[in-house]
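for reference, the sequence and a predicted model appear below.
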Amino acid sequence: MSVLVFLEHHGNELQKGSLGVLTKAAALGDSDVAAVLVGGGVKALASDAAKFGAAKVFVVEDDALEPALPQPRVDALAKVIQENGYETVLLANSVLAADVAAGLAARLDAGLNWDLVDLTSDLVGKRPALQDSIFVDVGWKSTPRIALFRAGSFDAAASGAGEPEVVEVSVDYAEHSQRAQIVGQELEESGGPSIEDADIIVAGGRGLGAPESFSLAEELARALGGAVGATRAVVDAGWYPYSAQIGQTGKVVSPKLYVALGISGAIQHKVGMQSSNVIVSINKDANAPIFEFSDLGVVGDVHEIAPKLTELIKQRKS
Amino acid sequence: MKIAVCVKHVPEGSGRIDPSSKRLDRSGEGALNHFDANAVEEALRLKGDSDSEVVVVSLGPAKAADSLRKALAMGADRAVLISDDAAAGSDLVATSKLLGAALAKESPDLVLFGQQASDADGAVLWAAVAERLQRPVVSQAAELTLDGGTLRVKRQTEFGYDVIEAPLPAVVAVSDAINEPRYPSLKGIMGAKKKPFDTLSLADVGVDAGDAGETGSKTEVLAFADPPARGDARKVEDSGGDSAQAILDFLVEKRLV
Amino acid sequence: MTRASDYPPPFNAREFVAEPTDPVDERIEVGVLIVGAGPAGLACAIRLGQLLAEHPDVAERLGEVPVAIVDKGKQPGSHLLSGAVVNPRPLRRLGFRLEDLPSYGPVHNEAVYVLTRRNALRIPPPPTMRNHGNWIFSLSQLGRWLAERAEEGGAMVLPETAAEKLLVSHGRVVGVRTGDKGLNREGEPMGNAEPGSDLVAKVTVLAEGTQGHLTGVALDTFGLRGDEPQVWELGVKEVWKVPRAPGGVIHTMGWPLRTRAKYREFGGSFIYPMGDDMLTIGMVVGLDYRDVELSVHDILQELKTHPKIAKLLRGGERVQWGAKTIPSGGWYSLPKRLYAPGLLLAGDGVGMVNIPRLKGVHYAVESGRLAAESAFASLQRGATPATSLASYDDAVRSSFINDDLYEVRDMRQVFGRGFFVGGALASAMTVSKGKLDLGKLRAEPDAEQPLLRGGRAAQYPTPDGKLTFDKLSSVFASGNKTRDDQPNHIRLERRVPKEVAELWVNLCPAQVYEVGTEGGDGTVTVNVAPSNCVQCGAITAKGGRLTPPEGGSGPEYTLT
């Protein structure tokens, strides 16, 4: 089975998410894994691609491709797929990749399954649905098959070097692909990630006791490099702004790590964070419902534990 | 100027999968996908007091008319519902074909989408439709301005913002940060019932039954299951803050720190 | 002795009465305006549609929108909740065939039990509780269905629209002002705020259901209140998917309610099959209870732990939950008049409920139908004198609504004397078909009941998330997703003695209230989480006042 993985880069670095998908592709076993790099000055990244499992790397290098716009990439991928007969195309979700995958699906009349968290070796995709309350097995009825994986589904693991076979490809762009132009950019100063994008969220609830104690959540979030969230109860009480509210009537998040401090776990809150990869909760009440859906539940006083944890993390990181 | 907004009627609250058809059970009450309300709002803002036309388009069962009426109540001028039994169960390939065909007939200057559909979480329809229409597409629009025939979009990415320009006609997917959708006024709600509303079949749109519905789809649902249980849930009793080390060890084990 | 009525809410009906203020060309004009898309309002709209179809000349005079119904729920049915076993005759009188109505079929069997903690003693159904000829419905579903019929008949149904003020001009009701949308917690308009509108009509029909906001305002404004105050029950119910529904309709009395007179715990439960694989189970308790720890929500959870009832639910799953008050003062608590200039009052809003029979839907339907006929007659005559709608009052007083309510007029009141004495008296009344006259037995307003602490809370089960649930889970199961930053729609005295605060905390089935900081003088602050509110109306009965929040908020019932 031949698999093509779309590798995304930013500056001189290949993105972790697409490297994870490449690692997965290599692990599917029994497949010819190739990667495709599209951009300005990307040839240099080809050997990195090999480290993560690509035997062959298609390089579409063109200064015109430097801006991260999806439609020229659709042209590039369509060409590589059609000329080489790739049956399965994998992408890691990102703002760019989502548009590329969908445009490609329409270009090739190819099935696209998105928001996947896994793919079996017999090519059954697995994805959560209905606010992550249910899992669905999905398949493709024809080739090429396009699969778009949820960000962070797979860890990137280098499996060794070896020089890849590099194939340079030049592409004729469709007329409509070049009409959009990037005329300016604002790179964000990191003030900490926003709740929606954060990989790590530390959320505080009523168990913190008083608004001043929210600093416990903020310190821990800072140490972990995450964002701060709040339950409806504390937002109602005026301890924290509504923009940080997580839950049925607030934001729905699914970070890699959710740390719940003094949160009981009422269903209105649960539906806002239940699909987080790993949930760690600290609560004084051993019967708090949150312990039923936490990966690690700690029964204890958050005022004692959180500062110690923050300290330990800072030490470890330094 | 004609602005088309693609909207979706989605099941209210948490939906359920119908075990027999393996499709989302859309028989209950539904509502306008709240992300699409942002797109309708943006279209109305662009229209302002001009005599531009805002047309809302949807592909769905007959009751999707409710969501289209909500958009009309907000201020859209006309609604088009593509409704045909043969279109049920359409995946991205089929849906984009149907919407593309309907939009091609309308020939709008700008097509707007909301950034996601709350029922299928993370839809990417706009890019597929833009490909069908052979038009430039810009997604994640946090700000949108029109200067003559040029679109200027502030697009939110993981790294910050790109400012993108594209000539009309174009397709844009707006993020929910772009605006706060207006509440329809009572006059608007009452007036909506009189605004033009067309229901189109596959034949009207010029798409073959073989290209729509499950037949025309290239993906399929095979089965569904409960989400994997959180295996190995661990519980620890703290004493004087000593659990902090255990938590750190856990985080390290999970490669989160 | 502490009473909730000693701490009345900051509420004045005058605040909700106004002249129209919108410029004339911005006012929305309709012919007949109906407030409330429940059985009464929808029956009114449907009957009007029929009459206007027969008399197009009258229809023409009513302008572009001859009949409009506004409802504060997300859609018709979102705020409708009842048992319900309904007498279908008034629905047939509207022209519907029984087999076309969205029902769960006729009542085949019924049983009444007196429960103790472990046992259930079957007793012959008291004459008031015989349901032969009645049909089982979900009121929410029936409402949705009737709304479609009303629209087919030409009515314009406008959900998500709260009627906030009564528009009165020169002593005559000329319509309602709808509520603003998009206000923040402080009541200030946010970016997308939409002000309400003056909705003016030739005739306004208030069919708001229990604790109707403008109904209460109208009763005060026009001096229509009856001699006896209204009193209420609180009904809390669940809908379950079960492997096999019970074969018939079940009512229970006794456990878990306490029988001693000092507690004044009047009520019982109902379990109705809904088709083969669903049932609804509910608990109804009079709000004249006295124990501050009493929580009808938790008594329902307790009821489900009875071995016979747990058995009915085994293998099942709760799919919906809801709560709503029921006016129970009966005949004595009806208003002096059911009309005022430009205004008609119908249904539960004015207390047309027969508590001993647990029936009210068919009275609502009939009163809506009669209101339509009276409104139509008045419009046809082009009559505008203040008493032109009096024919409605006459029609209701000479209908079976009046006869039935009169027959059972004292029954509810005697239960204030405890279950056993009450039961005996009630039987005596039933047998005599209402001719046993005990003289008017005074009903005290629920909020005036002296409070005591009776240790009720010790019996509530700890929620297990499968059979029994906590209040927040129940609120979730009502479909409530009201935005949190709305203004607080509940009027309440916020600094009260601890017992009163506890009364409210336990009273509310949706966990809206919470005991806040202590004042040091025996008082506490009451915290309010208005977005939990399912608008059941219980707080209004016992010391507070519910007003309508932003249209579209609150529960989204579909099966209740």
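Great, that's in hand.

domain assignment for the chain?
Let's take chain A. A:2-178, A:200-317 (automatic domain parsing).

let's do chain C instead
C:29-83+C:141-178+C:195-226+C:334-407, C:103-136+C:230-330+C:447-546.

mean neighbour count added to those, as TSV?
For every residue, glycine as well, the C-beta is placed using N, CA and C. Output for those, formatted as TSV (neighbours: other CB atoms under 10 Å in any protein chain shown):
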stretch	mean neighbour count
domain C:29-83+C:141-178+C:195-226+C:334-407	23
domain C:103-136+C:230-330+C:447-546	20
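
distance check, the closest residue to residue C:351 other than its chain neighbours against chain A.
Once flanking residues are discounted, residue C:351 sits nearest to residue C:327: 3.9 Å by CB to CB, 6 or more residues apart in numbering or on different chains. Here residue C:327 is placed at a distance of 31 Å from chain A (CB to the nearest CB, to the nearest Å).

and residue C:461, by the same measure?
To chain A, residue C:461 is 14 Å away according to CB to the nearest CB.

phi and psi next, for that residue.
The phi/psi pair for residue C:461 (degrees, to the nearest 10) reads phi -70, psi 150.

and it, what does it touch?
Shown in contact with residue C:461 (CB atoms under 8 Å, 6 or more residues apart in numbering or on different chains): C:298, C:301-302, C:305, C:468.

just those now: which is nearest residue C:25?
Comparing those against residue C:25 with CB to CB picks out residue C:298 as the nearest, at 53.7 Å.

is it true that that closest one lies in a strand?
No. Residue C:298 is assigned helix when assessed by DSSP: H, G, I helix; E, B strand; the rest coil, not a strand.

now do the contacts for it.
By CB under 8 Å, 6+ apart, the contact list for residue C:298 reads C:457, C:460-461, C:506.

can the residues you listed go into CSV with extra columns for distance to residue B:187?
CSV is the format used below for the contacts of residue C:298 (distance: CB to CB, whole Å):
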residue, distance to residue B:187
C:457, 50
C:460, 49
C:461, 51
C:506, 44
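
quick check: the farthest pair among those?
Spanning the widest gap among the contacts of residue C:298 are C:461 and C:506, at 15.1 Å by CB to CB.

let's have the domains of chain A in JSON lines, adding distance to chain B, mean pLDDT and mean neighbour count.
Shown next, in JSON lines, are those (distance: least, CB to the nearest CB, whole Å; pLDDT from 0 to 100; neighbours: other CB atoms under 10 Å in any protein chain shown):
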{"stretch": "domain A:2-178", "distance to chain B": "3", "mean pLDDT": "90", "mean neighbour count": "20"}
{"stretch": "domain A:200-317", "distance to chain B": "3", "mean pLDDT": "93", "mean neighbour count": "21"}
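
nearest to residue B:151, of those?
domain A:2-178 (13.7 Å).

what's stretch B:228-244 in contact with?
So stretch B:228-244 is in contact with A:135, A:279, A:282, A:291, A:293-301, A:304-305, A:307-309, A:311-312, B:246-247, B:250, going by CB under 8 Å, 6+ apart.

okay, now the unreliable bits of the stretch 301-450 of chain C?
C:384-387, C:412-432, C:434-442 (pLDDT under 70).

mind checking how far whatever residue of the stretch 351-500 of chain C ends up closest to chain B is from residue B:31?
Nearest residue of the stretch 351-500 of chain C to chain B: residue C:479, at 5.8 Å (CB to the nearest CB). According to CB to CB, to the nearest Å, residue C:479 stands 12 Å off from residue B:31.

how about residue B:164?
As defined by CB to CB, residue B:164 lies at a distance of 31 Å from residue B:31.

out of those two, which sits in the busier spot?
Using other CB atoms under 10 Å in any protein chain shown as the criterion, residue B:164 and residue B:31 rank with residue B:164 on top: 24 against 18.

circling back to that earlier point, and the domains of chain A as JSON lines, adding distance to residue B:234?
As requested, these are exported to JSON lines (distance: least, CB to CB, whole Å):
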{"stretch": "domain A:2-178", "distance to residue B:234": "21"}
{"stretch": "domain A:200-317", "distance to residue B:234": "5"}
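
among the ones you listed, which is nearest chain C?
Between those, domain A:200-317 lies closest to chain C; by CB to the nearest CB that is 4.3 Å.

up against chain B, what does chain C have?
Proximity of chain C to chain B (CB under 8 Å from any CB of the partner chain) is limited to residues C:26, C:28, C:65, C:68, C:75, C:156, C:158, C:161, C:178, C:181-182, C:190-194, C:196-197, C:199, C:479, C:481, C:556, C:558.

one more time with 7 Å
With CB under 7 Å from any CB of the partner chain as the criterion, chain C meets chain B at residues C:28, C:65, C:75, C:156, C:158, C:161, C:178, C:181-182, C:191-192, C:194, C:197, C:199, C:479, C:556, C:558.
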